[in-house]
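# sequence and predicted model, in that order:
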Amino acid sequence: MICIKDLTVKNFMSIGNITQSVSFNTDSLTLVLGENIDQGGDDSGSRNGVGKTSIVNALSYALYGQALTNIKKNNLINKTNNKGMLVTLHFEKNGVDYRIERGRLPNILKFYINDQEQEEDVDESQGDSRKTQETINSLLEMSHDMFKNIVALNTYSEPFLSMRANDQRAIIEQLLGITVLSEKATQLKEEIRSIKDSITEETLKIEAIQTANNNIQQTINSLTTKQNAWKLKHNEDILQLQAAIQEFEKLDVEKEIEAHKIKDSIIAKQSKVAEASKWVKSLESDIASSNATIEKLRSELIMLNDHKCYACGNKLHDTKQEEIKSIKEDALTDLTHHLLVITGQHRSYTASIEELGEIESLPTTFYQTIDEAYNHRSTIESLQKELSLKQQDENPYNAQIVELKETALQPIVWDTVNQLTSLKEHQDFLLKLLTNKDSFIRKKIIDQNLSYLNNRLTYYLDKLGLPHQVIFLNDLSVEISQLGQDLDFDNLSRGERNRLILGLSFAFRDVWEGLYQNINLLFIDELIDSGMDASGVDNALSVLKKFGRDRNKNVFLISHKDELVNRVNTILKVIKDSGFTSFSTDVDIVI
């Protein structure tokens with residue numbers, strides 16, 4: 001049995017950021033009335049637009065990830081807050097506790113079994129998971145269409161008898177258990193297809209063995225030819241590598257490298273001596289020039305001391321004499337200091353040349369550069385490594401020839417093909433039993449369950465006061481008649497249609513619970529508000545109360561009829577205030 005315990009809702013449709021909850025544990029008939037405070041409250045008589053149906057839509061969304069009708073998922077989010085929508089449903093089945101948490105912005109789908117979250121990747125763009133939903137569906141054992149017909153009756157969904165014939169048939173087949181046959185047939189078709197593929201595969205294997213048996217020796221001969229050719233080529237490659245190594249080893253590469261190192265050292269020494277000699281020559285020229293200039297300045301200073309012009313020999317005034325003398329003395333000081341510096345540099349470079357000593361003659365080498373000598377050594381090492389690997393190579397054809405000789409001709413056995421063919425013939429027969437409309441299995445299921453469905457439908461239509469006779473025929477079509485006249489669903493008045501919708505739903509539920517499992521919850525959304533006379537309302541209330549009293553069902557009757565307040569034991573108020581919907585914390589108990 002499925003026992004739906006409670007539902008909590010947040011930011012869902014007209015419900016705002018304050019979480020609202022509904023408990024389903026009264027086992028009685030609960031009247032759901034609306035109070036629109038934004039339009040004056042109870043005194044105004046306004047019951048519309050308060051969000052009563054949001055309870056049923058939230059229940060549908062929690063279980064199936066969609067509302068009762070084709071409302072886009074993002075349009076289920078409260079338009080004022082625009083985020084944080086979350087619906088949580090708690091239910092129990094066969095002593096196991098389950099909880100579903102489903103929401104959007106952020107997208108959420110969490111599924112708990114006995115408070116343990118079941119881990120699975122969730123589609124972030126949709127906020128759902130196919131595998132998790134499949135698990136939930138297998139627990140419910142009912143499709144969303146069936147849910148709308150036996151759990152959540154409402155005026156928004158298309159009535160069963162207004163559907164196209166194929167859609168009606170799909171629901172009835174699901175209800176009567178015929179859909180299970182179709183599912184089994186689909187599985188059987190897949191198995192038959194797999195067996196056919198296996199038969200084809202086994203036949204091809206046998207044909208391949210026959211071809212292999214005919215050609216095996218030719219293949220071995222061909223591989224033997226390739227084996228011998230590989231041996232010849234392998235030996236030739238080894239001889240070529242050995243010859244190349246011998247040729248390279250004629251040169252003592254280590255001596256060659258050492259000679260290049262000595263040669264490079266001598267050349268570097270030559271370069272240093274040449275550079276130092278260049279500087280010595282330049283400094284000697286500078287020293288000579290500086291000494292000459294110093295002598296000249298000294299002579300000029302002697303003449304200046306005698307108050308004579310050093311250029312023309314004429315007498316100089318004291319002021320002019322002191323000015324020129326100062327300039328010449330400063331120049332002599334600077335030049336004397338410069339001479340000391342370059343003389344020191346000359347001694348340093350001369351000492352460097354003496355320290356380097358005599359330059360040896362260059363040794364004779366085979367290669368022009370040391371890099372070529374290193375390449376020579378690297379080539380020898382590479383050839384030796386290649387030779388070692390080549391000597392370790394195994395003939396790739398040896399293993400193939402050995403394997404072919406050991407397997408040789410394979411025995412041809414048809415046992416597997418014969419067994420698969422027999423199994424396929426048996427499954428073809430079973431498939432006909434499942435799919436043929438005249439199959440005794442389908443007839444047995446239809447005759448047995450359809451009789452019960454018609455019996456319960458007649459019972460409920462009588463209880464609801466509908467004078468028409470409604471019968472499901474063996475071809476799963478529906479026949480409506482009154483006083484011998486055939487009628488269509490649209491021939492009925494609104495009140496008569498609502499009675500028939502209720503009767504069909506109750507009968508469907510009885511059949512479904514008889515074949516599958518009980519469920520403790522039933523919603524009737526405004527079906528008795530439109531077109532139902534007082535007698536029809538009384539009859540419907542009587543059946544609904546009996547559901548709660550005798551069958552422990554939690555029946556929620558959504559209505560606008562204030563006069564029903566004194567006809568029920570419990571009332572749940574849905575209040576619209578400042579644009580947001582809330583549920584009364586405690587259900588009112590009517591005494």
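That came through fine.
# burial count for residue 241?
The tally of other residues near residue 241 (other Cβ atoms under 10 Å) stands at 18. Placement of C-beta: from N, CA and C, glycine included.
# what about the closest residue to it other than its chain neighbours, how many residues close to it?
Using Cβ to Cβ, 6 or more residues apart in numbering and skipping the chain neighbours, the partner closest in space to residue 241 is residue 387 (4.4 Å). As a burial measure, residue 387 scores 17 neighbours (other Cβ under 10 Å).
# which SSE is residue 387 in?
helix 370-392 (DSSP states H and E).
# before we move on, back to that, does the residue nearest to residue 241 touch residue 243 like I think?
No. Using Cβ atoms under 8 Å, residue 387 is not in contact with residue 243; the gap is 10.6 Å.
# so what's residue 481 bridging to?
Beta bridges link residue 481 to residue 469, residue 486, judged by DSSP bridges.
# what residue spans form the domains of the chain?
The chain is divided into the following domains under automatic domain parsing: 1-141+517-591, 253-365.
# where exactly do the strands run in the stretch 1-150 of the chain?
Applying DSSP state E, counting those that start in this stretch to the stretch 1-150 of the chain gives strands spanning 2-10, 20-23, 29-36, 85-93, 96-104, 108-113, 116-117.
# what sits against the spatially closest residue to residue 260 that is not a sequence neighbour?
In this structure, residue 260 finds its nearest non-sequential neighbour in residue 370, 3.7 Å apart by Cβ to Cβ, 6+ apart. The contact partners of residue 370, taken as Cβ atoms under 8 Å, 6 or more residues apart in numbering, are 257, 260, 261, 264.
# on that earlier part again, now the helix holding residue 387: mean pLDDT?
In this model, helix 370-392 carries a mean pLDDT of 90.
# report the buried residues of that helix.
For helix 370-392, the neighbour count (16 or more other Cβ atoms under 10 Å) marks 370, 373, 376, 380, 383, 387 as buried.
# re the thing from before, got a list of what the residue nearest to residue 241 touches?
Counting by Cβ under 8 Å, 6+ apart, residue 387 has contacts 238, 241, 242, 245.
# where does pLDDT dip in the chain?
Per-residue confidence for the chain (pLDDT under 70) gives these ranges: 41-47, 120-128, 307-314, 316-318, 409, 437-438, 585-591.
# end to end, how far does stretch 22-36 reach?
In stretch 22-36, first residue to last residue: 19 Å (Cα to Cα, to the nearest Å).
# and that stretch, what's buried?
Residues of stretch 22-36 classed as buried: 22-24, 26, 28-36 (neighbour count, 16+ other Cβ under 10 Å).
# over to stretch 251-263?
253, 256, 257, 259, 260, 263.
# I'd like those residues as JSON lines, with distance to residue 515 appended.
Listed next are those as JSON lines, based on distance: Cβ to Cβ, whole Å:
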{"residue": "253", "distance to residue 515": "94"}
{"residue": "256", "distance to residue 515": "98"}
{"residue": "257", "distance to residue 515": "95"}
{"residue": "259", "distance to residue 515": "103"}
{"residue": "260", "distance to residue 515": "99"}
{"residue": "263", "distance to residue 515": "104"}
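# in JSON lines: the residues you listed, plus distance to residue 507 and secondary structure.
Shown next, in JSON lines, are these (distance: Cβ to Cβ, whole Å; DSSP: H, G, I helix; E, B strand; the rest coil):
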{"residue": "253", "distance to residue 507": "103", "secondary structure": "helix"}
{"residue": "256", "distance to residue 507": "107", "secondary structure": "helix"}
{"residue": "257", "distance to residue 507": "104", "secondary structure": "helix"}
{"residue": "259", "distance to residue 507": "111", "secondary structure": "helix"}
{"residue": "260", "distance to residue 507": "107", "secondary structure": "helix"}
{"residue": "263", "distance to residue 507": "112", "secondary structure": "helix"}
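# tell me the one of those nearest residue 432?
Nearest to residue 432 among those: residue 253, at 87.9 Å, using Cβ to Cβ.
# contact partners for the closest residue to that closest one other than its chain neighbours?
Excluding the flanking residues, the one nearest residue 253 by Cβ to Cβ, 6+ apart is residue 377, at 4.7 Å. Residue 377 is in contact with 253, 254, 257, counting by Cβ under 8 Å, 6+ apart.
# state the distance from residue 377 to residue 251.
Residue 377 is 10 Å from residue 251, where distance means Cβ to Cβ, to the nearest Å.
# would you turn the domains of the chain into JSON lines with distance to residue 219?
Output for the domains of the chain, formatted as JSON lines (distance: least, Cβ to Cβ, whole Å):
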{"stretch": "domain 1-141+517-591", "distance to residue 219": "49"}
{"stretch": "domain 253-365", "distance to residue 219": "50"}
